[in-house]
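Trainee: whatever this is, show me its structure:
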Amino acid sequence: MISEPSLVVAEVFGPTVQGEGPSLGQRAGFIRTAGCNLTCSWCDTPYTWDGTRHDLRAELRRVPALDIARRALSGAPNLVVITGGEPLLHQRQPGWDALLEHLARAGVDIEIETNGTVPPSPRTAQTVTRFNVSPKLQHAGDPERRRIRPAALSALHATGKAAFKFVCRTPGDVTAVARYTAAWGVPPSAVWVMPEGTNSARITAHLTAIADAAIDAQFNLTTRLHVHVWGEERER
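Mentor: Numbering: from 1, shown residues only. Below you'll find the predicted structure:
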């Protein structure tokens, strides 16, 4: 039995690189937490939440926060990324604050990848370096009331630490991003548009489709570097 503060995780790995968004290409350790409150049709990590396709008892495990931090910090990265699933679902777990404390003491930057439906706690907002907020568009499949939570998005934006990253396939998706971010008061300079895909061919096709529209909207453009390098290989 684990008596220390702990979290349920799918995998902890690195050093690798941050493959998306403002820190693209930076050497990083990764912590992938369990569970999600959305069911995106194109999700590339369904093994963190989808019990209809994966044996979650085999995929997930509860690990002491100190052990998670030590593994993420192995190889001395300057950045640790906490992703999922939806990592902010774990904020009420004692292991969450313990993990953030261990990482902060190590002096690394901490990024959280979030779908933008859960507001950050004051402790989380204070400790984290950046929130990579990725609200989901219609093609993700969930109804808008589930995937777009204005109060949570406002709370994340109010931290002053949020970069907004949208998965897009078409110029019409970029138009939807512009509509949403204008309504939320998010400046284009804080928006990254990213092609959907789990292989280089699909990413390249979608990147070609959205690039001009993203540039015209004054958005930043990001690829998925880790997919170009390692494909769908896990823990990379």
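Trainee: quick one: strands adjacent to the longest strand seen in the chain?
Mentor: Counting residues, the longest strand in the chain under DSSP state E turns out to be strand 6-17. Strand 6-17 pairs in its sheet with strand 27-33 (antiparallel), strand 61-64 (antiparallel), by DSSP bridges.
Trainee: what's the neighbour count on residue 129?
Mentor: Residues within reach of residue 129, counting by other Cβ atoms under 10 Å, total 15. In this view, the C-beta of every residue, glycine as well, is placed from N, C-alpha and C.
Trainee: OK, contacts around it?
Mentor: Each residue near residue 129 by Cβ atoms under 8 Å, 6 or more residues apart in numbering is listed here: 109-111, 161.
Trainee: can you check residue 12 too?
Mentor: If you count contacts by Cβ under 8 Å, 6+ apart, then residue 12 has 29-32, 63, 68, 71-72 around it.
Trainee: follow-up on the earlier one: restricted to strands, list the contacts of residue 129.
Mentor: 109-111.
Trainee: low-confidence ranges in this structure?
Mentor: 1-2 (pLDDT under 70).
Trainee: show me where it has helices.
Mentor: 56-59, 65-73, 94-106, 122-127, 144-147, 150-158, 171-184, 200-216, 225-230 (DSSP state H).
Trainee: now the ones you listed in JSON lines, with mean neighbour count and distance to residue 115?
Mentor: What follows is those, written out as JSON lines (neighbours: other Cβ atoms under 10 Å; distance: least, Cβ to Cβ, whole Å):
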{"stretch": "helix 56-59", "mean neighbour count": "13", "distance to residue 115": "19"}
{"stretch": "helix 65-73", "mean neighbour count": "20", "distance to residue 115": "21"}
{"stretch": "helix 94-106", "mean neighbour count": "19", "distance to residue 115": "17"}
{"stretch": "helix 122-127", "mean neighbour count": "15", "distance to residue 115": "15"}
{"stretch": "helix 144-147", "mean neighbour count": "13", "distance to residue 115": "7"}
{"stretch": "helix 150-158", "mean neighbour count": "17", "distance to residue 115": "9"}
{"stretch": "helix 171-184", "mean neighbour count": "17", "distance to residue 115": "13"}
{"stretch": "helix 200-216", "mean neighbour count": "16", "distance to residue 115": "19"}
{"stretch": "helix 225-230", "mean neighbour count": "16", "distance to residue 115": "19"}
